[in-house]
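Pasting the sequence and the predicted model now:
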Amino acid sequence: MTALLIPDDTLARSQKVTLQTVVHVEDIGALEADYARLCRVTGNNLPFSQHAWHLSWCQHILNCDPRIEEEPLFYILRDARNDCVAILPFILCRRRLGPLKVVSVVPLGADPGLTEIRTPLVQEGYGHLTARAARDALDHVADWDWVHWTGLRGEFAEALSAGKELQWQEPLSDFVLDLPPSWEEFRSGLKHNIRESLRHCYNSLARGGHSFELDVIESSRELQPALSRFLQLHQMRAACTRGPGHADRFASAVSREFLYAVCERLADAGALKLFALKIGAEIVAMRIGFVVGDGLYLYYSGFDPKWWEFGVMTTTMAEAIKYAIGRGLRIVHLSPTWTVSKSRWGPRQVDYGSAYETRARLRSRLANSAYLKIKSDPGSKLLQRLITRRSWH
C-alpha cells in the first residue's frame, strides 16, 4: 500500500488516500466486495466492469498468446475510511515490435471482440486523485513505453488531460435505449419503419401457424445446454450469407471456455439473462443479456437461418426490451458499432474516450508511432502477427 497525501485544494474532505497495486490473479479474487461497492456508487451498468468479468478474463485469456507476456497491474484506490473509490484494471504487456522490445500498459479486455467496452471504475469526486495516484505509481513501473487509457468520460478524462500530452483516438460509441414505463409507450415512440417491421415479424409467425414463447434462462443449473444451443445458433448466424456479415466470436476454444466461465459467475450473481425464442419445442433464436444495475446489456446473438423470413431475431430483441421494461429497468445497451439494425430503434449515442500516453524518451515515441501506424491499417499482415492473438484454438 502506498499513502498519498492530498492538498486541500484537490479534495478538501479527505486527508489521504492509499493506493494498492494488485499483480497476481489470485489477489483479484479478493476484490469482489470492493467491485460491488464501487459499481453501486458509480451507477455502473456495464457487465465488462464487473468483478466476474475481470476475474474470468484473467483466468482464461491472460497469457494465452505465447508471443505476449502479460501480467495484471490493477490499481485500487481507497479513501481514509478504507472504502474503495477507484479500480483501474490494467494489464502489463511485453512484446516485440520488429527489433524493439515493447512494454505497454493497457486496460483489461484486449481480446477478439469479447470485451466490448473497457472502462475504469472511478467514484465521483475522485477523478483527479485517481489520475495523479495512477501516474505516480506508473512512474515506478520499469520500461513501459505507453499507457492506453480507454473508457474515458467526465472528471477522470479531464484529469488525465490536464498537464499531459495525450494522443486522442476515435472514441468508442455505445448505443443506448432509454426506457419509458410501458411497452406501448416505447413502441409508439419508434420510427415508422421499425413499427412496421415489428408488426410483420409477429404477424408472419401467426399467419404461418406458428406460436412462440420467450424463455429467459438465468439459472446456472440450466446454463450448459442453453449456452451450447446459443453457440450453435451463433455459428449459424455467422455462416449465413444473407444480410450483413457477422463474425463467429466464439470460434476458438479459449473464447468458449471464457464464455461459460463468465456466464456462470454472472448467473450466480443474478445478472445473466439468456433470451431464448422458442417455436414449438425448438429454440430458433437467442441473445445473451446481462442485467447490471438499472440496465440491460444485450450481448451477442444467434438464430437459425431457416426462420429468416419470420424475423425471429427482431422478435427476440423486442421481447428482451419488453422484459427490461417489465422489470423497471431504465436503459438497454445495444452495444458498440453503428448498424442499421440498431439505428432503426432510435438509440442515443454515448461516447467513451480513448488516448495514448507515451513516455518522453525517443524509443518509446517511435515504438508507439509504429504501433499506431500498423494498427490503422486493418489489412496489415504485420498487424496480424504483432497484435492479433493467434493462439486461440
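Looks like it arrived, so ask away. Numbering: from 1, shown residues only.

okay but Ser288 is in contact with Gly302, surely?
Just to correct that, residue 288 is Ile rather than Ser. No - using CB atoms under 8 Å, Ile288 is not in contact with Gly302; the gap is 9.2 Å. Just so you know, the C-beta spots here come from the backbone N, C-alpha and C atoms, and that holds for glycine as well.

Same drill for the two, tell me which one is more crowded.
Counted by other CB atoms under 10 Å, Ile288 and Gly302 do not tie: Gly302 has more neighbours, with 26 against 23.

secondary structure class for the closest residue to the more buried one other than its chain neighbours?
Once flanking residues are discounted, Gly302 sits nearest to Leu233: 3.0 Å by CB to CB, 6 or more residues apart in numbering. Look at Leu233: counting by DSSP: H, G, I helix; E, B strand; the rest coil, its state is helix.

and Leu233, how many residues sit next to it?
23.

Now for it: which residues touch it?
Applying CB atoms under 8 Å, 6 or more residues apart in numbering, we find Leu233 in contact with Ile283, Val284, Ala285, Met286, Ser301, Gly302, Phe303, Asp304.

Tell me the one of those nearest Asp174?
Ser301 (16.9 Å; CB to CB).

Now that closest one: phi and psi?
phi -140, psi 180 (degrees, to the nearest 10).

residues in contact with it?
Leu233, His234, Arg237, Ala285, Met286, Arg287, Ile288, Met313, Thr316.

so what's Asp83 up against?
Arg37.

biggest strand in this structure, by residue count?
strand 84-97 (DSSP state E).

quick one: the helices in the stretch 101-250 of the chain?
127-138, 154-161, 183-188, 192-207, 223-239 (DSSP state H, counting those that start in this stretch).

what angle separates the second one from helix 127-138?
In this case it means helix 154-161. Angle, helix 154-161 to helix 127-138, by axes from the mean of the first three to the mean of the last three CA atoms, to 10 degrees: 40 degrees.

So what pairs up with Lys273 in the strands?
On DSSP bridges, the residues paired with Lys273 through beta bridges are Gly289.

try Thr358
Trp146.

my read: it touches Asn368, true?
Yes - between Thr358 and Asn368 there is a contact at 4.6 Å, judged by CB under 8 Å.

so what's in contact with the two at the same time?
With CB under 8 Å, 6+ apart, Thr358 and Asn368 have common neighbours Asp145, Trp146, Gln167.

got JSON lines for those, with distance to Arg118 and pLDDT too?
What follows is the shared contacts of Thr358 and Asn368, written out as JSON lines (distance: CB to CB, whole Å; pLDDT from 0 to 100):
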{"residue": "Asp145", "distance to Arg118": "19", "pLDDT": "94"}
{"residue": "Trp146", "distance to Arg118": "16", "pLDDT": "95"}
{"residue": "Gln167", "distance to Arg118": "17", "pLDDT": "94"}
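
hmm, which of the residues you listed are the buried ones?
Neighbour counting with 16 or more other CB atoms under 10 Å marks Asp145, Trp146 as buried within the shared contacts of Thr358 and Asn368.

could you dump the shared contacts of Thr358 and Asn368 to JSON lines with distance to Ser341?
Formatted as JSON lines, the shared contacts of Thr358 and Asn368 follow (distance: CB to CB, whole Å):
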{"residue": "Asp145", "distance to Ser341": "39"}
{"residue": "Trp146", "distance to Ser341": "36"}
{"residue": "Gln167", "distance to Ser341": "33"}
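
which among the shared contacts of Thr358 and Asn368 gets closest to Ser182?
Nearest member of the shared contacts of Thr358 and Asn368 to Ser182, counting by CB to CB, is Gln167, at 46.0 Å.

about what we covered before: so what secondary structure elements neighbour the longest strand of the chain?
When contacts are defined as 3 or more CB pairs under 8 Å, 6 or more residues apart in numbering; DSSP states H and E, strand 84-97 sits against helix 32-42, strand 69-78, strand 100-107, strand 121-122, helix 127-138, helix 362-375, helix 381-386.

Tell me which of those sits nearest to Ala253.
strand 69-78 (18.7 Å).

Using CSV, write out the CA atom coordinates for stretch 214-227.
This file holds the C-alpha atoms of stretch 214-227, laid out as CSV (Å, rounded to 0.1, in the frame of the first residue of the first chain):
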residue,chain,number,x,y,z
LEU,A,214,-39.7,-16.4,-24.8
ASP,A,215,-37.8,-18.3,-22.2
VAL,A,216,-35.4,-16.3,-20.0
ILE,A,217,-32.8,-18.7,-18.8
GLU,A,218,-31.0,-17.3,-15.8
SER,A,219,-30.1,-20.3,-13.6
SER,A,220,-26.6,-21.7,-13.6
ARG,A,221,-28.2,-25.1,-13.5
GLU,A,222,-29.6,-24.6,-17.0
LEU,A,223,-26.5,-22.9,-18.3
GLN,A,224,-24.6,-25.7,-20.0
PRO,A,225,-27.3,-26.8,-22.5
ALA,A,226,-28.5,-23.2,-23.1
LEU,A,227,-25.1,-21.9,-24.0
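
That concludes my questions; thank you for your assistance.
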